[in-house]
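Colleague: Sequence unavailable; structure follows:
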């Protein structure tokens with residue numbers, strides 16, 4: 001290892017030790033102190049908005065010069081409204097019920113033992129993410145709310161933005177009487193830092209959360225020496241059942257795809273029930289096109305909308321993050337569920353239906369983290385679930401699934417109280 005590598009390893013190891021110390025302090029801090037710290041984050045973000053926007057302008061200019069695609073630039077971009085949204089997100093997290101110490105269950109045993117299952121922090125959470133600088137504020141607020149120390153490593157494309165936001169967070173921690181190392185930001189774009197985090201920082205890291213593209217998540221899952229909470233791509237579907245109300249179908253399909261194409265909750269495939277595709281598909285396709293969306297369909301879809309481009313096998317498994325949607329005609333709920341099982345990412349899928357039995361059958365068959373009935377996939381968002389913010393949408397099955405808020409960043413322990421019992 002050369003001198004630069006040894007220096008980075010020493011820095012990252014020191015970060016791990018500091019995070020472990022901060023995690024203990026956070027676990028012992030009362031709810032009011034953590035609430036005060038999160039509220040102070042909102043104030044600091046607003047007070048430092050000019051610095052944050054200047055840093056972001058630097059990142060955006062560099063991204064455009066490098067040829068970054070527009071959808072990714074949109075993920076990176078901050079403006080006054082988005083900075084204010086970060087501050088409001090912190091305030092919402094400050095206001096939600098503190099999860100720590102909550103009793104999940106409690107019971108007595110015949111021998112007189114009193115047993116309780118109680119929420120407790122995970123410890124040190126390392127979050128590796130790309131593109132979205134707002135994740136820095138969301139992660140900081142949620143980790144402090146849940147009593148976890150955070151080590152954040154954002155993408156090199158938004159390093160200046162992340163450092164500016166983190167500077168505000170660190171000031172808020174100190175103002176609230178907490179260690180500023182409760183939330184640490186890796187200040188280098190050196191990819192070797194990611195490898196050191198995946199190695200666990202000498203056992204300091206208790207959970208790793210990747211938030212980014214397929215290659216990032218795959219690397220983390222392959223190399224991590226600590227548990228991983230996965231956030232995969234959003235290959236999301238909207239299924240129009242034969243019973244769907246046309247106006248609902250049109251509004252939901254357009255919103256799910258076009259409200260914001262660069263978010264992981266955007267729909268990427270439209271499925272239409274063959275039993276009434278003639279009624280549903282042409283007007284919905286027209287509405288999508290009017291909103292600026294390109295359509296790529298299978299043979300049955302193209303027979304109803306002849307000027308639609310032909311979809312390839314790759315289209316069904318592509319997260320476009322662009323104004324493009326693939327379209328397939330399927331046979332009922334079972335056909336839709338089979339298509340989703342074959343091509344989806346277990347993220348978010350929706351049905352539009354007036355037939356309640358069909359909707360419940362879809363809910364039962366589709367095994368995704370979020371399943372919606374008569375609502376847009378764009379609601380796949382922690383804030384929309386009332387969590388205040390989210391680290392991401394977990395598509396793994398353990399230990400959390402769907403939007404990851406403060407409660408999902410906790411584990412539990414058993415507290416057993418006795419009166420002198422011994423086991424015979």
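Modeller: Yep, it's here. Just so it is clear, the structure is predicted and the values come from calculations on it, not from any experiment.
Colleague: hey, let's count contacts and neighbours off CA atoms from now on
Modeller: Noted.
Colleague: my read is residue 107 is in a helix, agree?
Modeller: No - Residue 107: not assigned to a helix; according to DSSP: H, G, I helix; E, B strand; the rest coil it is strand.
Colleague: what's it in contact with, if anything?
Modeller: 114-116 (Cα atoms under 8 Å, 6 or more residues apart in numbering).
Colleague: can you count the residues close to residue 161?
Modeller: Using other Cα atoms under 10 Å, residue 161 is surrounded by 29 other residues.
Colleague: packing partners for the helix or strand where residue 255 lies?
Modeller: Element membership of residue 255 [criterion: DSSP states H and E] is helix 246-258. Counting contacts by 3 or more Cα pairs under 8 Å, 6 or more residues apart in numbering; DSSP states H and E, helix 246-258 is packed against strand 236-240, strand 267-273, helix 277-290, strand 348-352.
Colleague: what about 10 Å?
Modeller: strand 236-240, strand 267-273, helix 277-290, strand 324-330, strand 348-352 (3 or more Cα pairs under 10 Å, 6 or more residues apart in numbering; DSSP states H and E).
Colleague: Tell me the strands beside the second one, with direction?
Modeller: Put plainly, it is strand 267-273. Paired neighbours of strand 267-273 in the sheet (DSSP bridges): strand 236-240 (parallel), strand 324-330 (parallel).
Colleague: Spatially central, which residue of the chain would that be?
Modeller: A centroid search over the chain (Cα atoms, centre = their mean) returns residue 392, at 1.1 Å, as the residue closest to the centre.
Colleague: do you know how far that one is from residue 328?
Modeller: Separation of residue 392 from residue 328 (Cα to Cα, to the nearest Å): 28 Å.
Colleague: among the strands paired with strand 267-273, which is the most enclosed?
Modeller: Counting by mean count of other Cα atoms under 10 Å, strand 236-240 has the highest mean neighbour count of the strands paired with strand 267-273, with a mean of 32.
Colleague: now that one against helix 246-258, angle please.
Modeller: Here strand 236-240 runs at an angle of 170 degrees relative to helix 246-258 (axes from the mean of the first three to the mean of the last three Cα atoms, to 10 degrees).
Colleague: Which ones among the contacts of residue 107 lie within strands?
Modeller: If you go by DSSP state E, the contacts of residue 107 have 114-116 in strands.
Colleague: now that we have those, which one has the most neighbours?
Modeller: residue 116 (19 neighbours).
Colleague: does that residue have beta-bridge partners, and which?
Modeller: Going by DSSP bridges, residue 116 is paired in beta bridges with residue 106, residue 415.
Colleague: helix or strand right after whichever strand or helix holds residue 163?
Modeller: Assigning secondary structure by DSSP H and E places residue 163 in helix 159-175. Later in the chain than helix 159-175, the nearest helix or strand by DSSP H and E is strand 183-185.
Colleague: which stretches of the stretch 301-424 of the chain form strands?
Modeller: According to DSSP state E, counting those that start in this stretch, the stretch 301-424 of the chain carries its strands in the segments 309-310, 324-330, 348-352, 370-373, 393-394, 402-403, 410-417.
Colleague: quick revisit: could I get the helices and strands packed on helix 246-258 in TSV, plus columns for distance to residue 203?
Modeller: TSV is the format used below for these (distance: least, Cα to Cα, whole Å):
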stretch	distance to residue 203
strand 236-240	36
strand 267-273	39
helix 277-290	50
strand 324-330	44
strand 348-352	34
